[in-house]
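Show me the folded form of this:
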Amino acid sequence: MTTTTALSGFQTGFAIRPDLVVEAAHAEDVRAAVADAAARGLPVRVHATGHGLPGAIEGGVLISTRRMDFVEIDPVRRTARIGAGVTWGQVIEAAAPHGLAPLNGSSPSVGAVSYTLGGGLSVLAREFGYAADHVRSLDVVTADGTLRHVHPDSEPDLFWALRGGGHRLGVVTAMEIGLVGAERLYGGSIAFYGDGAGVAAEEVIGGYLEWTRTVPDALTSSLAAIRYPDSPQLPKPLRGHYVLSVRAAYTGSAAEGERLVAPLRAIGPAAADSLREMPYADSHTIHSDPPFPHAYYGDSVVLDGLDADRAGRVLELTGPKAPMMTVVQLNHLGGALAARPAVDNAVPYREAGFLLRLLSPLDGTDVASVRALYAEVAELLTPHALGRSLGFSFGGGDRTEGFHDARTQRRLAGLVSHHDPASLFGGSYGISPGGR
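Here you go, the predicted model:
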């Protein structure tokens, strides 16, 4: 791997200019790099795939974990041991022959470890909870240069904090996670034109919110609203349209899945409908996230609930009349996400009903303009806002407020003071020092 490759990633909107790059192949490489950085008083950052890069990286030591990409499946224990550089696509591929699946997100190219440290909202989240809830153990290098094997019976405070608290307490080199039995599922998306070519956007989101009140915990869904540019690079059905898509995943039978999504199809004429039974290995097609690197800024609001009127006003702010292209995604929470795991962790806001995510390409606009728009959305949602999601702050790493509730924040801050008194891993508690 060249240094240029080690610095590249999915997020291209923020510069990565460290003083030193360490391309780690083993945990010992990470341990030596952390120890050396501590001795020299240099901050440490971590970089895997770069999806979740919280902002620019200037100076210090950057540890690239891409070469640490091993996956070991234990089909009897239904677990996977994964290295810090592994992407979800690799884990899905390795688990599929055993009829098993990880609690991965929507994109197969996302780094599995950092995604999980931030909580991890999977395509089956309402049925199985957060990915962090299924972590069995972690190997982490702490600021004193020690490689620790952390599990519920060994350093329980670290085990609590790393699952939901991000990278702030060290560099995780490997993780053992539980897998679920999911050989196939019923899922896909149904899309509507919301710009006059189909049904009104307010009717779509209102119908979606009403539908979420009726579905079982085994059905996980989200709604996305995107104003597509009139570009020849896009498929003709999307060019220049404002499109609202409801995405769903359900592990029950296809027949029951068809019955459950019938109210969505009744909202109005669909621009596209891909709801179907599929192998779990095809779950990435539910969202069809862009596979190519690009520049973007993103943030989120965790909500205790959301009414149709307020949701419609969010679409007015971010839709066709918005000053820049903004992707809105509304994730339905609840179900197993509301339950505490057998071994508690630092994932906050279990009581939340929805997560609103905002993402804007930075080509042709600037961060200040995007932040101004997001501030308007946040103000509108203040009556229902609980906080922000650590896993969905892309480029906003300088804003640390709201990632955890006050009680969790205090406990994390105390652990950071104990394990990293010199702030080797930088910033305040909870901020990931690198891109997943």
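
C-alpha only now, for contacts and for neighbours.
Fine.

okay, stretch 338-349 in PDB with CA atoms only?
Below are the C-alpha coordinates for stretch 338-349, written out as PDB (Å, rounded to 0.1, in the frame of the first residue of the first chain):
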ATOM      1  CA  ALA A 338     -35.200   0.500  22.800                       C
ATOM      2  CA  ALA A 339     -34.000  -2.500  24.900                       C
ATOM      3  CA  ARG A 340     -30.900  -2.500  27.000                       C
ATOM      4  CA  PRO A 341     -28.500  -5.300  26.100                       C
ATOM      5  CA  ALA A 342     -27.700  -8.000  28.600                       C
ATOM      6  CA  VAL A 343     -24.300  -6.200  29.200                       C
ATOM      7  CA  ASP A 344     -25.000  -2.500  29.100                       C
ATOM      8  CA  ASN A 345     -23.100  -0.100  26.800                       C
ATOM      9  CA  ALA A 346     -22.700   3.600  26.000                       C
ATOM     10  CA  VAL A 347     -25.200   3.700  23.200                       C
ATOM     11  CA  PRO A 348     -27.500   6.600  24.100                       C
ATOM     12  CA  TYR A 349     -31.100   7.600  23.500                       C
END
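
Could you list the residues in contact with it?
Stretch 338-349 has contacts (C-alpha atoms under 8 Å, 6 or more residues apart in numbering) with 118-119, 129, 132-133, 152, 159-165, 302, 350-352, 386-387, 403-405, 408.

Quick one: buried ones out of these?
Buried positions within the contacts of stretch 338-349, assessed by neighbour count (16 or more other C-alpha atoms under 10 Å), are 118-119, 129, 132-133, 159-165, 302, 350-352, 386-387, 403-405, 408.

Among these, name the ones in helices.
Per DSSP state H, helices hold the following members of the buried ones among the contacts of stretch 338-349: Phe159, Trp160, Ala161, Leu162, Arg163, Gly164, Gly165, Thr408.

Tell me the spacing between the first one and Val343.
Same thing as Phe159. Separation of Phe159 from Val343 (C-alpha to C-alpha, to the nearest Å): 9 Å.

shared neighbours, those two?
Joint contacts of Phe159 and Val343 (C-alpha under 8 Å, 6+ apart) are Pro152.

for Val71, what are its contacts?
For Val71, the contact set (C-alpha under 8 Å, 6+ apart) comprises Ala80, Arg81, Ile82, Gly83, Val86, Gln90, Val91, Ala94.

Keep only those of those residues that are in helices.
Members of the contacts of Val71 lying in helices (criterion: DSSP H): Gln90, Val91, Ala94.

Please tabulate those residues in JSON lines, including the columns neighbour count and distance to Leu306.
JSON lines is the format used below for those (neighbours: other C-alpha atoms under 10 Å; distance: C-alpha to C-alpha, whole Å):
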{"residue": "Gln90", "neighbour count": "17", "distance to Leu306": "36"}
{"residue": "Val91", "neighbour count": "26", "distance to Leu306": "34"}
{"residue": "Ala94", "neighbour count": "18", "distance to Leu306": "38"}
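
for the residues you listed, which one is nearest Ala248?
Val91 (21.4 Å; C-alpha to C-alpha).

Now that closest one. Nearest residue, chain neighbours left out?
Val71 (6.5 Å; C-alpha to C-alpha, 6 or more residues apart in numbering).

what's across from that neighbour in the sheet?
Ile82 (DSSP bridges).

what separates it from Tyr228, distance-wise?
37 Å.

Over to Trp211?
26 Å.

The two: which is more packed in?
Neighbours per residue, other C-alpha atoms under 10 Å: of Trp211 and Tyr228, the larger number sits with Tyr228, 18 against 15.

May I have the strands that pair with the helix or strand harbouring Leu223, each with its orientation?
Assessed by DSSP states H and E, Leu223 sits inside strand 219-227. Using DSSP bridges, strand 219-227 pairs in its sheet with strand 242-250 (antiparallel), strand 327-332 (antiparallel).

where does the stretch 151-300 of the chain have low pLDDT?
The model of the stretch 151-300 of the chain has no residue with pLDDT under 70.

and what of the stretch 301-436 of the chain?
Checking the stretch 301-436 of the chain against pLDDT under 70 turns up 396-398, 427-436.

Show me where it has its strands.
Taking DSSP state E, counting those that start in this stretch to define them, one finds strands in the stretch 301-436 of the chain at 327-332, 354-361, 385-387.

ok, and what's touching the longest one?
It refers to strand 354-361. Residues beyond strand 354-361 that count as contacts (C-alpha under 8 Å, 6+ apart) turn out to be 294-306, 324-334, 370, 374, 392.

Listing partners with orientation, what would you give for it?
In the sheet, strand 354-361 lines up against strand 296-303 (antiparallel), strand 327-332 (antiparallel) (DSSP bridges).

would you turn those strands into CSV with distance to Gly52?
Supplementary listing: the strands paired with strand 354-361 in CSV, determined by distance: least, C-alpha to C-alpha, whole Å:
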stretch, distance to Gly52
strand 296-303, 9
strand 327-332, 16
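
looking at these, which is buried most?
strand 296-303 (a mean of 24; mean count of other C-alpha atoms under 10 Å).

Tyr96: neighbour count?
Quick fix: residue 96 is Ala, not Tyr. Using other C-alpha under 10 Å: Ala96 sits among 18 other residues.

Verify the contact between Met68 and Ala24 for me.
Yes: in this structure, Met68 is within contact of Ala24 by C-alpha atoms under 8 Å, at 7.0 Å.

now the helices: where do they sit in the protein?
With DSSP H as the criterion, the chain has helices spanning 3-7, 27-40, 88-95, 112-117, 125-128, 156-165, 201-212, 254-265, 308-318, 367-380, 406-419.

Asp144: which of these is closest?
Nearest to Asp144, of all those, is helix 27-40, at 6.6 Å by C-alpha to C-alpha.

what mean pLDDT does stretch 111-128 have?
The average pLDDT within stretch 111-128 is 96.

ok, now how distant is Val76 from Ile92?
17 Å.

and the residue nearest the centre of the chain, how far is that from Asn345?
Residue closest to the mean C-alpha point of the chain, counted by C-alpha atoms, centre = their mean, is Gly391 at 4.6 Å. Here Gly391 is placed at a distance of 15 Å from Asn345 (C-alpha to C-alpha).
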